[in-house]
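Engineer: what would the 3D arrangement of this be:
(chains A and B)
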Amino acid sequence: MAKVRKLSREMKQYQNMADQLRPGKPIVKNAVVAFFVGGTICLAGQGVQWFFMQHGMTPKEATSPTTVVMIGLGALLTGLGWYDLVVKYGGMGGSLPITGFSNAMVAPAMDARTEGFVLGVGAKLFTVAGPVVAYGLAAAFVVGLIRYLFMGVG
Amino acid sequence: MTFLWAFVIGGLLCVLAQLTLDLFRLTPAHVLVLFVVLGAVFGGLGLYGKLVNLAGAGATVPLPGFGYTLVTGIGEAVKTKGILGLLTGGLTAAAGGIKAAVLFGLAAALIFKPKT
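Structural biologist: Model (predicted):
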């Protein structure tokens, strides 16, 4: 499909026929699974946040420790080899929550042990986290600057 | 009530990410970067904050919440420190999460052996 090559008319016809017969990408199924997997992880996160709020924190104060706990859980489950299954079946439902971010750090780093602790584990920890943090910081800076210039402090 | 909204909003954000992945044929890493940036933008517009008030962890646990945290941190730091807050605010607010991610990530990668 992606190959750039001149196709004869017969080949094109065959290609069209094959495209029509090929089962569609399971877009709807993927979305439904992502909803339930992602929703469940966020529900668990809300449970952790509720726990901190029972100990006298406001919802805002409880957000940071909740993030820390969820990242810890993500790292642990990835280490045990379980979270990779969550991502495999849940798609972005497993990847978008912060536990998936943790998984995206730990999984490549674990596999890179043979490449050494510095250029293997240390570097691969940031294969996905690096871009996310870099562009996140850049976007937040631009947004913050625009807000500062147009609305001043407030 | 927050629990229900956490499930629904968190789930819907993941659906949005999944559709972006499938329909635009991006890699997961591209989607994650895109959603962090979107979180920062909608945080700056004041919309993501409303979502956080409604859904709690349903909005802060998914990755756009990270972008939102960076922007609100900058907003608060600018109030107290002026323009320098543009540089310090984001990471100050996200410090706990980032430090935890690096520390736990490193620990897990060193302790556990990959399954083959």
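
Engineer: contact partners for the most centrally placed residue in chain A?
Structural biologist: For chain A, A:Ser95 is the residue whose C-alpha lies nearest the centre (CA atoms, centre = their mean; 3.0 Å). Listed by CB atoms under 8 Å, 6 or more residues apart in numbering or on different chains, the contact partners of A:Ser95 are A:87, A:101, A:103-104, B:17, B:28, B:31-32. (C-beta placed from N, C-alpha, C; glycine too.)

Engineer: how about the helices in the chain?
Structural biologist: Let's take chain A. A:9-21, A:27-54, A:59-79, A:83-90, A:92-95, A:98-111, A:123-124, A:129-151 (DSSP state H).

Engineer: that's the wrong chain, I wanted chain B
Structural biologist: Using DSSP H, helices in chain B cover B:2-24, B:28-44, B:47-55, B:57-60, B:64-81, B:85-111.

Engineer: so which of the ones you listed is nearest A:Ala44?
Structural biologist: Closest of the helices of chain B to A:Ala44 is helix B:57-60, at 8.2 Å (criterion: CB to CB).

Engineer: winner for burial among the helices of chain B?
Structural biologist: The highest mean neighbour count among those, using mean count of other CB atoms under 10 Å in any protein chain shown, belongs to helix B:57-60: a mean of 31.

Engineer: which neighbouring elements make contact with that one?
Structural biologist: For helix B:57-60, the packing partners by 3 or more CB pairs under 8 Å, 6 or more residues apart in numbering or on different chains; DSSP states H and E come out as helix A:27-54, helix A:59-79, helix B:2-24, helix B:47-55, helix B:64-81.

Engineer: try 6 Å this time
Structural biologist: For helix B:57-60, the elements it packs on are helix A:27-54, helix B:2-24, helix B:47-55, judged by 3 or more CB pairs under 6 Å, 6 or more residues apart in numbering or on different chains; DSSP states H and E.

Engineer: got a list of contacts for stretch A:99-111?
Structural biologist: A:41, A:70-71, A:74-75, A:78, A:83, A:94, A:121, A:124-125, A:127-129, B:101, B:105, B:108-109, B:114 (CB atoms under 6 Å, 6 or more residues apart in numbering or on different chains).

Engineer: mind doing that once more with 7 Å?
Structural biologist: A:41, A:70-71, A:73-75, A:78-79, A:83-84, A:87, A:94, A:121, A:124-125, A:127-129, A:132, B:63, B:101, B:104-105, B:108-109, B:112, B:114 (CB atoms under 7 Å, 6 or more residues apart in numbering or on different chains).

Engineer: pick out the residue nearest the middle of chain B.
Structural biologist: B:Phe66 (2.2 Å).

Engineer: quick one: low-confidence parts of the chain?
Structural biologist: Assuming you mean chain A. The model of chain A has pLDDT under 70 over residues A:1-6, A:19-25, A:153-154.

Engineer: try again with chain B
Structural biologist: B:115-116.

Engineer: pick the most deeply packed of the helices of chain A.
Structural biologist: helix A:92-95 (a mean of 30).

Engineer: now it: how far from the chain's centre is it?
Structural biologist: The chain centre lies 6 Å from the centre of helix A:92-95; the measure is CA atoms, centre = their mean, to the nearest Å.

Engineer: got it, and stretch A:100-116?
Structural biologist: The answer for stretch A:100-116 is 14 Å, by CA atoms, centre = their mean.

Engineer: mind listing what the closest residue to B:Gly97 other than its chain neighbours touches?
Structural biologist: Of all residues not flanking B:Gly97 in the chain, A:Thr67 sits nearest, at 4.4 Å (CB to CB, 6 or more residues apart in numbering or on different chains). By CB under 7 Å, 6+ apart, the contact set of A:Thr67 is A:98, B:60, B:96-97.
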